[in-house]
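Student: What follows is a predicted structure for the sequence shown.
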Amino acid sequence: MPASSLSPVYALVGSDSFLQLQYLAEILKKAGKGAQRIDADGERAELAEVLDEVRCFAMFGGTKVVVVQNADAFITRYREQLEDYVAKPSDSATLVFRLASLPANQRIYKAISKTGVIEKCDPPKDLAKWIIDRAKSAHQLMVQPDAARLLADYVGDDLARQDNELAKLALTVTDSKVRPQDVAAGVAFQREQQMSEMVNAVAAGKPAEAIQRWRRLLQMDNSTEFRAVTWLAIWLTNVRKALAMKRSGMNSFAITSALRIWPREMQQPFLDTANLLGERGVARAIDLLAEIDRQSKSGVGDAAENVERFLLSVGK
């Protein structure tokens, strides 16, 4: 983020909403307390209404910040007009695009680079380093490298969840230092690790073991039944991604590394289960999981028993 005056255009580009929101918070802070913020949904907003907002001064003076969410669709619809605007942006307001991608070879990328700022908002390649830096700057914690790597393995590259876990650790450690045992001792991590082990049993084609682990989880915390669908959905999403990566020619190591399948001994069972399910099996499992989730939320059957039915069904 440049240290000079507020730029007329920003593009917050990437898949991580936590980073986008961080940059947006910095923009708003730079705009000042009296800044007027206007939000528009890029999938539905009309070009005229957005340009009217950025060309009009704030109602009570001060700065105006117009934020276009889901801006990919907006830019696709109005590319040429936005290229013209970005080349000569209004000084009445700051226009912020939040979008998933913006190829560097496009004219609008080059135009924004000249008159504004483009911020990359993808998860960092060195996640452990990000954890260490974020812990120090935002939570006044010193995270040991081994502890950072453990956090990276447990939570993955969801930066919002990582930040949330760091906030919890800031409340529990006594000397502002986070060691591997501090991470492993967290109740939330124990539960998530056990949930992960249950999903690993499903991935290894061991439904009986998965159900046994599921029942242990319920004994620890009966609210687990409301989190299982999320974990199983993540697993199925990874299975679908693995099949797509295999079709594109990626090898097993590259696939499991990209999907962060952990621990290592679960990588081959995961791939074996993915191959066994295939595209049709994954689609059927996703439909079944969605139906079980719907039934649980509408009071049809017991939520825990519904999850067991799913585990048995996938294991067939």
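Tutor: Sure thing, it's come through.

Student: residue contacts, Arg79?
Tutor: Applying CB atoms under 8 Å, 6 or more residues apart in numbering to Arg79 gives the contacts Arg107, Ile108. Just so you know, the C-beta spots here come from the backbone N, C-alpha and C atoms, and that holds for glycine as well.

Student: can you give me the strands for the protein?
Tutor: Under the criterion DSSP state E, strands of the chain are mapped to 9-13, 36-41, 64-69, 94-99, 117-120, 142-143, 177-178.

Student: Now distance to Pro269 too, for those, in JSON lines please.
Tutor: Below are the strands of the chain laid out as JSON lines (distance: least, CB to CB, whole Å):
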{"stretch": "strand 9-13", "distance to Pro269": "37"}
{"stretch": "strand 36-41", "distance to Pro269": "42"}
{"stretch": "strand 64-69", "distance to Pro269": "40"}
{"stretch": "strand 94-99", "distance to Pro269": "38"}
{"stretch": "strand 117-120", "distance to Pro269": "35"}
{"stretch": "strand 142-143", "distance to Pro269": "31"}
{"stretch": "strand 177-178", "distance to Pro269": "32"}
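
Student: From Met266, how far out is the closest residue to Asp146 other than its chain neighbours?
Tutor: Using CB to CB, 6 or more residues apart in numbering and skipping the chain neighbours, the partner closest in space to Asp146 is Pro180 (4.8 Å). For Pro180, the distance to Met266 equals 20 Å [CB to CB, to the nearest Å].

Student: of the two, who's got more company?
Tutor: Each of Pro180 and Met266 has its neighbours counted (other CB atoms under 10 Å); Met266 has more, 19 against 16.

Student: contacting residues for the more buried one?
Tutor: With contacts defined as CB under 8 Å, 6+ apart, the neighbours of Met266 are Asn200, Ala203, Ala204.

Student: Equivalent analysis for Ile27, please.
Tutor: Going by CB under 8 Å, 6+ apart, Ile27 touches Met1, Leu6, Tyr10, Val65, Thr94, Val96.

Student: okay, among these, which ones form the most distant pair?
Tutor: Greatest spatial distance among the contacts of Ile27 (CB to CB): Met1 and Val65, at 13.9 Å.

Student: Mind checking which of these two has more residues around it?
Tutor: Shown here are Met1 and Val65; by other CB under 10 Å, Val65 has more neighbours (24 against 14).
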